[in-house]
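**Student:** Here is the input, now give the coordinates:
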Amino acid sequence: MKFGFVGLGQMGKPMAINLGKTFDVIAYDQRPDALSDDAKTKQVGSLSDLAECTHVFLSLPSSKVLEIVLFDKENGLAGILKPGTVIVDTSTVEYNATVDIGNRLDDMGLRFLDAPVSGMQKRAEDGTLTMMIGGEKSLARELDPAMSAMANKILYMGPRGAGQLTKLINQLLFDVNMAALAEILPVSVKLGLDPEQMADVINSGTGRSYASEFFLPNILEGIFDQGYPMRHAYKDLISGAELGARHAIPLSVLGAATATYQRALLEGLGDQDKGAMVKVFENLLGVAFRKSGEGAKK
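**Tutor:** Got it, this is the predicted structure:
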């Protein structure tokens with residue numbers, strides 16, 4: 001097996017590096033210096049350099065970028081790879097787009113799995129991601145050793161698109177949870193409670209969640225650049241709304257969370273992580289959920 005990897009961003013870079021510790025890997029990114037010199041994974045200068053790869057992993061920011069990387073008329077990866085090459089998309093992409101892309105790759109003689117990941121950058125660096133796979137089960141099993149280099153929990157979810165649907169459901173719960181924290185945390189300060197003590201209670205009590213454990217320490221410190229930027233993550237909420245509309249499913253709690261998210265974007269917080277949603281309600285109530293001395297009314 002000779003592996004290629006396209007997309008060396010916040011998640012893709014550590015995934016490509018971990019894959020290269022066990023397998024022969026060459027990687028491509030628009031930024032020529034995306035990889036460090038000591039990485040066993042070697043960066044190449046163009047997509048055409050991946051032509052001899054038998055398997056190619058993708059980690060890209062959107063379905064639009066994925067479309068260009070795969071199907072650009074002059075430089076698209078799908079037109080470069082040999083028939084039978086396996087493409088594994090670890091990006092977070094809309095379900096319908098994933099199914100369409102897989103069908104188009106079938107027509108071009110290429111094999112495809114959707115395998116989005118969950119766990120954020122730290123777990124990507126540690127190789128402890130959760131990977132959710134949709135597509136041909138036997139093909140997924142063949143790639144288990146390679147996937148195990150990047151993820152310690154690998155779940156086969158069903159036919160093509162099932163991986164993306166699973167990721168979407170998980171992300172929507174995460175988004176709802178963070179929107180709830182953003183709304184309620186400033187209320188505690190407004191009513192005179194201490195932010196540090198509240199964070200301690202939440203993260204040791206029944207209000208605890210991955211969102212609270214990850215974001216509360218950063219919010220207390222006023223740090224809002226440790227997660228995926230909200231303007232990029234907003235695609236999950238768009239997909240959730242589409243899912244509800246397409247299947248006539250009322251998603252009232254998700255709708256309320258989406259409104260908080262939208263207000264944060266309108267207030268110019270899109271380049272900050274989801275924890276910055278707390279600023280919407282901090283501004284509304286005139287308080288700040290910060291360490292002692294910084295949580296008083298503004």
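**Student:** Going by C-alpha atoms from here, please, whenever you check contacts or count neighbours.
**Tutor:** Noted.
**Student:** where do the strands sit along the stretch 101-250 of the chain?
**Tutor:** 111-114, 117-118, 129-135, 151-158 (DSSP state E, counting those that start in this stretch).
**Student:** hmm, who's touching the longest one?
**Tutor:** The set of residues external to strand 151-158 that reach it, using C-alpha atoms under 8 Å, 6 or more residues apart in numbering, is 124, 127-135, 137, 140, 144, 147-148, 163, 166.
**Student:** Now a PyMOL select for only the buried ones of those residues.
**Tutor:** One line in PyMOL is enough to select the buried ones among those; burial here means 16 or more other C-alpha atoms under 10 Å:
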select buried, resi 124+127+128+129+130+131+132+133+134+135+140+147+148+163+166
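**Student:** Okay, helices next: where are they in the stretch 51-200 of the chain?
**Tutor:** 63-71, 95-107, 120-126, 137-142, 144-148, 162-190, 195-204 (DSSP state H, counting those that start in this stretch).
**Student:** what about the closest residue to residue 41 other than its chain neighbours, how many residues close to it?
**Tutor:** With C-alpha to C-alpha, 6 or more residues apart in numbering as the criterion, residue 41 has its nearest non-adjacent residue at 4.7 Å, and that residue is residue 20. Neighbourhood size, residue 20 [other C-alpha atoms under 10 Å]: 23.
**Student:** how close does residue 20 sit to residue 35?
**Tutor:** Relative to residue 35, residue 20 is positioned 12 Å away (C-alpha to C-alpha, to the nearest Å).
**Student:** got a pLDDT number for the residue nearest the centre of the chain?
**Tutor:** Taking C-alpha atoms, centre = their mean, the centroid of the chain lies closest to residue 92, which sits 5.7 Å from it. With respect to pLDDT, residue 92 scores 90.
**Student:** now do residue 297
**Tutor:** The model's pLDDT for residue 297 equals 41.
**Student:** Return the residues in contact with residue 41.
**Tutor:** Per C-alpha under 8 Å, 6+ apart, neighbours of residue 41: 16, 17, 19, 20, 21, 24, 25, 26, 27.
**Student:** tell me the mean pLDDT over stretch 163-177?
**Tutor:** 95.
**Student:** Now do the buried residues in it.
**Tutor:** For stretch 163-177, using 16+ other C-alpha under 10 Å, the buried residues are 163, 164, 165, 166, 167, 168, 171, 172, 174, 175, 176, 177.
**Student:** do the same with stretch 263-276
**Tutor:** Buried residues in stretch 263-276 (16+ other C-alpha under 10 Å): 264, 265, 269, 270, 272, 273, 274, 275, 276.
**Student:** Other residues contacting that stretch?
**Tutor:** Here stretch 263-276 has contacts from 175, 178, 182, 215-216, 218-219, 224-232, 277, 279-280, using C-alpha under 8 Å, 6+ apart.
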